[in-house]
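*Asks:* Sequence and predicted structure below; questions after.
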Amino acid sequence: MFKLAAALALLAGPALATGLQIEVEGEANGTITIDLYDDVAPKHVEQITALAAEGKYDGVVFHRVIDGFMAQTGDVQFGKLGSDMRRAGTGGSDRPDLPAEFSEIPYERGIVGMARARNPDSANSQFFIMFDPAPSLNGQYTVVGKVTDGMDVVDAIKRGEGPNGAVIGQPDVMTKVTVTE
C-alpha cells in the first residue's frame, strides 16, 4: 500500500505554488500579495512561478499603467529597470508562449490576468493587475489570480500617459518577487 501511495505521489508531481509576494518601489512602496489560481490556469501559474523562482521578475518595471483600468508588468526580456524603456512591453521570456486557459472568472478589481498579443495563445511572462472591473476582458484573457493584500500599493503605482498607458520617466519596479506556498 505504501509503495502505491509513493508512486501516486511521484506521478502527481510537485505541489503547485499558491501565490506571489511582490515588493514594489517607486511612487508605490510596499508588498502586493497574490493568490494564484493553479486549478484554473495551471500552465500559466507554472510559468510565472518558475520565472519568479528564477528571479526573472526581480527589477522588472510596471511599463503600462492605465488609470481606471490596469497596471501591467512582467516583461523579463525588455522591462528591467535601467533598460531602454521604449522596448518594455514588447518582450517575454525564453520560455514558450502558452495556450489560453480562459475561465468564467470575471475581470474585477484585484484580478491578475496574463497579457498577450492578438493571438489568444501568445501569453508568456507579462501580467496585469486590475484597478477596476473590465467586463470586456472576460473570457478573452487568462485569469491567473487575485490580489489578497496590498491593493493600496497597486493603487499607488505610477500612472502612464496616453491611450496605451506608457509610463514616462522613472517607472515603479518589482524589486523582488517571491513564490509563496
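*Replies:* On my side now, so go ahead. Numbers count the residues shown, from 1 in each chain.
*Asks:* Got phi/psi on the residue nearest to Ile105 when sequence neighbours are not counted?
*Replies:* Take Ile105 and drop its neighbours on the chain: the residue closest to it by Cβ to Cβ, 6 or more residues apart in numbering is Val143, 4.4 Å away. Where you see a C-beta, it was placed from the backbone N, CA and C, and this is true even at glycine. With angles defined as degrees, to the nearest 10, Val143 sits at phi -90, psi 130.
*Asks:* Bridge partners for the residue most central in space within the chain, pull those for me.
*Replies:* Centroid check for the chain by Cα atoms, centre = their mean gives Phe127 as the closest residue, at 3.3 Å. Bridge pairing for Phe127 (DSSP bridges) gives the partners Thr73, Met114.
*Asks:* Quick check: the gap between the residue nearest to Ile105 and Val45.
*Replies:* The gap separating Val143 from Val45 is 10 Å, by Cβ to Cβ, to the nearest Å.
*Asks:* and for these two, which residues touch both?
*Replies:* Tyr37 (Cβ atoms under 8 Å, 6 or more residues apart in numbering).
*Asks:* element containing His44?
*Replies:* Using DSSP states H and E, His44 sits in helix 42-53.
*Asks:* Determine the set of other helices and strands touching that helix.
*Replies:* Judged by 3 or more Cβ pairs under 8 Å, 6 or more residues apart in numbering; DSSP states H and E, the packing partners of helix 42-53 are strand 19-25, strand 30-36, strand 143-149, strand 173-180.
*Asks:* on that earlier part again, the residue nearest to the centre of the chain contacts Met70, doesn't it?
*Replies:* No. Phe127 is beyond contact range of Met70, at 9.7 Å (criterion: Cβ atoms under 8 Å).
*Asks:* Show the contacting residues for the nearest residue to Glu108 once chain neighbours are set aside.
*Replies:* Distance criterion Cβ to Cβ, 6+ apart; nearest residue to Glu108, sequence neighbours excluded, is Pro133 at 4.8 Å. Neighbouring residues of Pro133 by Cβ under 8 Å, 6+ apart: 106-109.
*Asks:* Most neighbours among the residues you listed, which one?
*Replies:* Tyr107 (23 neighbours; other Cβ atoms under 10 Å).
*Asks:* Okay then, goodbye and thanks.
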